[in-house]
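Asks: Attaching a predicted model along with its sequence, questions to come.
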Amino acid sequence: MLHHNPFLRYMRPGTDHTNPFTGPLADAIQYDYINCHLVQERVNAHGSEILPTYECAASYLVDHLQPFLQERSVVLDLGSGTGIASRMLARVHRGKILGVEQAPAMIEVAQYKFHKSNASEFENKVKELFGGALPERLENYWQEVRAETRSAPIEFIPGDMRNCFLQVSGAYDAAIANHSLHWLRDDWPVFFHNLAAILKKGAPLVWNTASDFVDSAKFPSADYSWRYGTFMERVAEKLLQRGFSVNDWNAIRIPAKTEDEVRQIVEDNGFSCAIQEPILMPKDMRYIIGFYLPLHIAGLLVKKQEIDTIDKLSREITAELVRERSDIFADLEHRFDVNPVFVCLRK
Ligand SMILES: C[S@@+](CC[C@H](N)C(=O)[O-])C[C@H]1O[C@@H](n2cnc3c(N)ncnc32)[C@H](O)[C@@H]1O
């Protein structure tokens, strides 16, 4: 599972952080595979729903966006990936959605999910990649999405969000960006400036980011993120004991900006910007050990190791810690990923 994990690319210190999702089709499929395994509970006024993790985050953005939408609104999904935010948006919005996405393989998966390509050709390709059979959970997830999206008026446009706006020229009514804008952070001023030029006056841009990019004032990363819990501290100690050179566990992926700093950049470039209640995503130990830990170990190790070594280390160290320390899961505070949320209106 780890071999095609697109997230591994950005956990390595010193790697290119501009966009880790531009890998081959196997990586884009792995993105959906990971997503459909990592489910979260979304509670709202109508009850609870168990959603894949990216759908869950996107559902909060859709709630913020919905009051601004009219039947005919044309909405941009920026960094649309495999179409996850578009899926959640299409549940409540019948008007046109335009996904803008840089990675061709992510678009290929999105097109399959939204009935925009030849399904059996795509499925055969996937089976070939995965030794003849699709993992059951992924197959079920895709079927569920495809059943929902049969008539969604959506188009996926290849392009870099920073400069694709000539291709999608026109006046758009709204935009959503689920976990995508942080990849542009060095270019935020020009990006927001360009986006403001193609949105209608008063049009909303609703977006989120994660606690390893932007710190929430209400739930600071240092106090709430799973990254800075005692479990991760003990893992770093175990790596040191094994003779590895290890980066400071307490300084890994410290958020570069505060919410207020982000608001200032957005406001200087064509929008008013309201900081919303952040999304608090609880991550249970199964989630942390199964998904985050190998990525975290890859980030802790100064010298790059083979994926199989990282996988083995993460299993062995977890087993040792559970065996040796009765208090290993006693830190109940650092168990979240915090997602700051911004609602911006084109001035
Ligand atoms: C974490 S994924 C989120 C995808 C999707 N929004 C979702 O909800 O699952 C980030 C996406 O942003 C895309 N992305 C990053 N930088 C981009 C850029 N400059 N232009 C267009 N897409 C970009 C990536 O290729 C990737 O598909």
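Replies: Cool, got the structure.

Asks: Only C-alpha atoms from now on, for both contacts and neighbour counts.
Replies: Noted.

Asks: Please give the element, helix or strand, for the residue of the stretch 1-150 of the chain found nearest the ligand.
Replies: The ligand sits closest to residue 81 of the stretch 1-150 of the chain, with a gap of 3.3 Å, by C-alpha to the nearest ligand atom. According to DSSP states H and E, residue 81 maps onto no helix or strand at all.

Asks: excluding its backbone neighbours, what's nearest it?
Replies: Computed as C-alpha to C-alpha, 6 or more residues apart in numbering, the closest residue to residue 81 that is not its neighbour in sequence is residue 106, at 5.0 Å.

Asks: For the helix or strand that contains the one you found, name the packing helices and strands.
Replies: Secondary-structure assignment from DSSP H and E places residue 106 in helix 104-113. Judged by 3 or more C-alpha pairs under 8 Å, 6 or more residues apart in numbering; DSSP states H and E, helix 104-113 is in contact with helix 25-37, helix 136-149, strand 154-158.

Asks: now do 7 Å
Replies: helix 25-37, helix 136-149 (3 or more C-alpha pairs under 7 Å, 6 or more residues apart in numbering; DSSP states H and E).

Asks: got the CA positions of it in CSV?
Replies: Provided in CSV are the C-alpha atoms of helix 104-113 (Å, rounded to 0.1, in the frame of the first residue of the first chain):
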residue,chain,number,x,y,z
PRO,A,104,-3.5,14.3,-15.5
ALA,A,105,-3.8,11.0,-13.5
MET,A,106,-6.1,12.7,-10.9
ILE,A,107,-8.3,13.9,-13.7
GLU,A,108,-8.4,10.5,-15.3
VAL,A,109,-9.8,9.0,-12.0
ALA,A,110,-12.3,11.9,-11.7
GLN,A,111,-13.5,11.4,-15.2
TYR,A,112,-14.2,7.7,-14.5
LYS,A,113,-16.1,8.6,-11.3
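
Asks: any idea of the angle that helix forms with helix 136-149?
Replies: 60 degrees (axes from the mean of the first three to the mean of the last three C-alpha atoms, to 10 degrees).

Asks: List the buried residues in helix 104-113.
Replies: Neighbour counts over helix 104-113 (16 or more other C-alpha atoms under 10 Å) mark 104, 105, 106, 107, 108, 109, 110, 111, 112, 113 as buried.

Asks: Please look at the fourth one and residue 82 and confirm they touch.
Replies: Yes. Here residue 107 lies in contact with residue 82, judged by C-alpha atoms under 7 Å, at a distance of 6.0 Å.

Asks: roughly how far out does the helix holding residue 106 sit from the chain middle?
Replies: Centroid displacement of helix 104-113 relative to its chain, using C-alpha atoms, centre = their mean, to the nearest Å, is 16 Å.

Asks: Kindly report the same for stretch 85-101.
Replies: Averaging C-alpha positions (C-alpha atoms, centre = their mean) puts stretch 85-101 17 Å from its chain's average.

Asks: How far does it stretch from one end to the other?
Replies: Stretch 85-101 has an end-to-end distance of 12 Å (criterion: C-alpha to C-alpha, to the nearest Å).

Asks: likewise stretch 150-157?
Replies: 19 Å.

Asks: In that stretch, which residues are buried?
Replies: So stretch 150-157, judged by 16+ other C-alpha under 10 Å, has buried residues 152, 154, 155, 156, 157.
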